[in-house]
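K.L.:
just the structure for this:
(chains A and B)
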Amino acid sequence: MSNFRTATIVAGVLLVAFAAVSGDRYFMDIFIFTCFYGTLAVCWNMMAGLTGLMSLGHALFVGIGAYSVAWGLSVHGWSPLVTWPLGVGLAVAAAAAIGMLCFRYGLRGYFFAIATLAFGEVAFFTVSATEALGRSDGMIMPISAEDIPGQLQFFEKWPYALIIMTILIGTIAIGEALMKSRTGYYWRALRDNEQAAEALGVNARAFKLRCFMLSAGISALCGAFYANYVAFVDPRSVLGVELSIQMLVYSIVGGMSLLWGPLIGAAVLVPFSILLRDYSAIPGSDIVVYAVLLAVLALVLPQGIAGWFVARWQRRRLARRASRTAEVVS
Amino acid sequence: MTSLLEVQRVSKSFGGLHALSDVSFEVGAGEIFAVIGPNGAGKTTLFNCLAGAATLTSGAIRLGGQRIDGRPPHEICRRGLARTFQLVKPFRGMTVLENVKVAAFSRYPSTKQATAAARAVLDRIGMAGLAEHDAETLNVAQLRQLEIARALATEPQLLLLDEMLAGLTPTESTAMCERIRQLPRAGIAVIVVEHSIPVVTSLCARAVVLCFGKVLTQGSTCEVIANPRVQEAYLGNAQS
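P.N.:
Next up is the predicted model:
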């Protein structure tokens, strides 16, 4: 299992958290949203932090997944067995198309970010104006009074928690396996220096595209889950630029240099912001507190929470090794 | 002598600027060959063309008899041509070993084999002690060594070295020269771009001299350097 050490640890922590919140619907809801945003942040950061591709339009892929489910169910009564693969397939295809365009013309850094932002915004306004997708009012999905497992309709929240946990653990496991393989090395090489990577035999376009498609596919999976869980999708919640920015914020706060860093960011910020919102006496004060916390974190821990811990741990290990060498020498 | 690399009437223009015009030369297997010339002669442009980082305006480049011009850099690398950069380009977020592994992956897709190959290269080049160090902590000489280690890990037939000795102390540069001299024994031909004439004469049997993008002369290194036109290109017209 040494190949999946991080995934095993994450799975263990999640199970403990799941057990801790299982008695309470409110905390279970927070847990589910933490996993949801955590997965999105991790797969966003696979591109931004590990491959150097900063996307500001990732909500597009979440939206494709969510709307595939909402539209498929409301209009055709399709089961998730159809709508989930449909959403993921469409998102991967969209990422392939956008990626080929961007990488063909060598868009990097800020230019890639702006291009993805533009695609995301185009989707936002297109859906907001499309009658068949409920315009900006969104789509309310039909729910029955009974549980329908085949349609992923449950009164209890724990089945949803299990689903999103599975997606999150799967994402970490795939990411971990990739980071230890050629693909992961190539991604980091592309992030650090694309020209050098190409000279060393890395097919830059193919590997960036691979990363983009994987990240988009996982985002769509999360979007599909969101639609089934909330039973309501509207452009603002699944296609808005706010969602893309959230992935970025959790990643920065958690630590972009690590696969699991963004998960820490989400685990700290998502419950915090939900609790603040629900318990603040003055309307809007939660946003002020949240913003101050973000600013402080960015100032105090520029490498992110996880990045700070790992750096400390590495420094200590190096110091220990150095003192051992000094002993040998003297 | 069988030619490993054939450069035939290669030209490269940037708009109206002719960085290279009608450059032709050949490099044999197992040879150390020099490209010399004053600043701005087009040496680095030539390397970029050979490695696929720049496209030719006209001409042809063959490696082992097959055309490589117009191919992307990663493919040229796989066909056996590796290069180093004049301005070193390490992967700063990785350790030395990981840097070399990226290159080794081009021959060995499995992580285990790539790690073994990368370690072997580091051993051979005397960097094994630095394997776990972060690349960003290395000094200039070590970064140069890392460039060579990475290039060697792609298992090239031909290695392009762009000013590997610039900025090194005399001791470091002697060690580096010794390492370069070993390469042909491993079946690797080398093209060096170098400013220091003593280094070029000691390392290379043959050389081509570029001046303003044109071949001024080529042949055995001693003859080339004795050529008055070459001295003029380097030093200016020395009449007094």
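K.L.:
list the buried residues in the strand or helix carrying B:S24.
P.N.:
Here B:S24 sits within strand B:17-28, counting by DSSP states H and E. Of the residues in strand B:17-28, those buried by neighbour count under the rule 16 or more other Cβ atoms under 10 Å in any protein chain shown are B:18-21, B:23, B:25-27. Bear in mind the C-beta positions are built from the backbone N, C-alpha and C, glycine included.
K.L.:
so which elements touch it?
P.N.:
Other elements packing on strand B:17-28 under the criterion 3 or more Cβ pairs under 8 Å, 6 or more residues apart in numbering or on different chains; DSSP states H and E are strand B:3-14, helix B:43-51, strand B:58-63, strand B:189-193, strand B:206-211, strand B:214-220.
K.L.:
columns mean neighbour count on top of the ones you listed, output as CSV?
P.N.:
Shown next, in CSV, are those (neighbours: other Cβ atoms under 10 Å in any protein chain shown):
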stretch, mean neighbour count
strand B:3-14, 18
helix B:43-51, 23
strand B:58-63, 18
strand B:189-193, 24
strand B:206-211, 24
strand B:214-220, 16
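K.L.:
between these, which one is closest to A:I245.
P.N.:
helix B:43-51 (39.1 Å; Cβ to Cβ).
K.L.:
hmm, the closest one in reach of chain A?
P.N.:
Yes: Helix B:43-51 is in contact with chain A by Cβ under 8 Å from any Cβ of the partner chain, via B:A51.
K.L.:
what is the orientation angle of that helix with strand B:58-63?
P.N.:
With axes from the mean of the first three to the mean of the last three Cα atoms, to 10 degrees as the basis, helix B:43-51 and strand B:58-63 are set at 70 degrees to each other.
K.L.:
from the chain's centroid, how far away is helix B:43-51?
P.N.:
9 Å (Cα atoms, centre = their mean, to the nearest Å).
K.L.:
what does stretch A:43-57 give?
P.N.:
When distances are taken as Cα atoms, centre = their mean, stretch A:43-57 is centred 10 Å away from the chain's centroid.
K.L.:
ok, that stretch near chain B or not?
P.N.:
No: Stretch A:43-57 does not reach chain B (Cβ under 8 Å from any Cβ); its nearest approach is 9.4 Å.
K.L.:
export that stretch to PDB, keeping only CA atoms.
P.N.:
Extracted C-alpha coordinates of stretch A:43-57, given in PDB (Å, rounded to 0.1, in the frame of the first residue of the first chain):
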ATOM      1  CA  CYS A  43      -8.300  18.500  -8.900                       C
ATOM      2  CA  TRP A  44      -8.000  22.300  -9.800                       C
ATOM      3  CA  ASN A  45      -4.600  22.300  -8.100                       C
ATOM      4  CA  MET A  46      -3.400  19.300 -10.100                       C
ATOM      5  CA  MET A  47      -3.400  21.700 -12.900                       C
ATOM      6  CA  ALA A  48      -2.400  24.900 -11.200                       C
ATOM      7  CA  GLY A  49       0.000  23.800  -8.500                       C
ATOM      8  CA  LEU A  50       1.500  20.700  -9.900                       C
ATOM      9  CA  THR A  51       1.500  21.400 -13.700                       C
ATOM     10  CA  GLY A  52       1.500  25.100 -13.800                       C
ATOM     11  CA  LEU A  53      -1.800  25.600 -15.600                       C
ATOM     12  CA  MET A  54      -3.800  28.200 -13.800                       C
ATOM     13  CA  SER A  55      -7.400  27.800 -14.800                       C
ATOM     14  CA  LEU A  56     -10.000  30.500 -13.800                       C
ATOM     15  CA  GLY A  57     -12.900  28.800 -15.600                       C
END
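K.L.:
and that stretch, average pLDDT?
P.N.:
Stretch A:43-57 carries an average pLDDT of 95.
K.L.:
same check on stretch B:229-240?
P.N.:
Per-region confidence: stretch B:229-240 scores 71 on mean pLDDT.
K.L.:
same thing with stretch B:82-101?
P.N.:
The pLDDT scores in stretch B:82-101 average 94.
K.L.:
can I get that stretch in PDB, CA atoms only?
P.N.:
Written as PDB, here are the backbone C-alpha positions of stretch B:82-101 (Å, rounded to 0.1, in the frame of the first residue of the first chain):
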ATOM      1  CA  ALA B  82      20.300  16.100 -26.400                       C
ATOM      2  CA  ARG B  83      21.200  19.700 -25.500                       C
ATOM      3  CA  THR B  84      22.200  21.800 -22.500                       C
ATOM      4  CA  PHE B  85      21.200  25.500 -22.200                       C
ATOM      5  CA  GLN B  86      23.600  28.300 -21.900                       C
ATOM      6  CA  LEU B  87      21.400  29.800 -19.200                       C
ATOM      7  CA  VAL B  88      20.800  26.700 -17.000                       C
ATOM      8  CA  LYS B  89      17.200  25.700 -16.700                       C
ATOM      9  CA  PRO B  90      16.900  23.400 -13.700                       C
ATOM     10  CA  PHE B  91      13.500  22.200 -12.400                       C
ATOM     11  CA  ARG B  92      13.700  24.300  -9.200                       C
ATOM     12  CA  GLY B  93      10.900  22.600  -7.400                       C
ATOM     13  CA  MET B  94      12.600  19.200  -7.600                       C
ATOM     14  CA  THR B  95      15.700  17.400  -6.100                       C
ATOM     15  CA  VAL B  96      18.700  16.700  -8.300                       C
ATOM     16  CA  LEU B  97      17.700  13.000  -8.600                       C
ATOM     17  CA  GLU B  98      14.200  14.000  -9.700                       C
ATOM     18  CA  ASN B  99      15.600  16.400 -12.300                       C
ATOM     19  CA  VAL B 100      17.600  13.600 -13.800                       C
ATOM     20  CA  LYS B 101      14.600  11.200 -13.600                       C
END
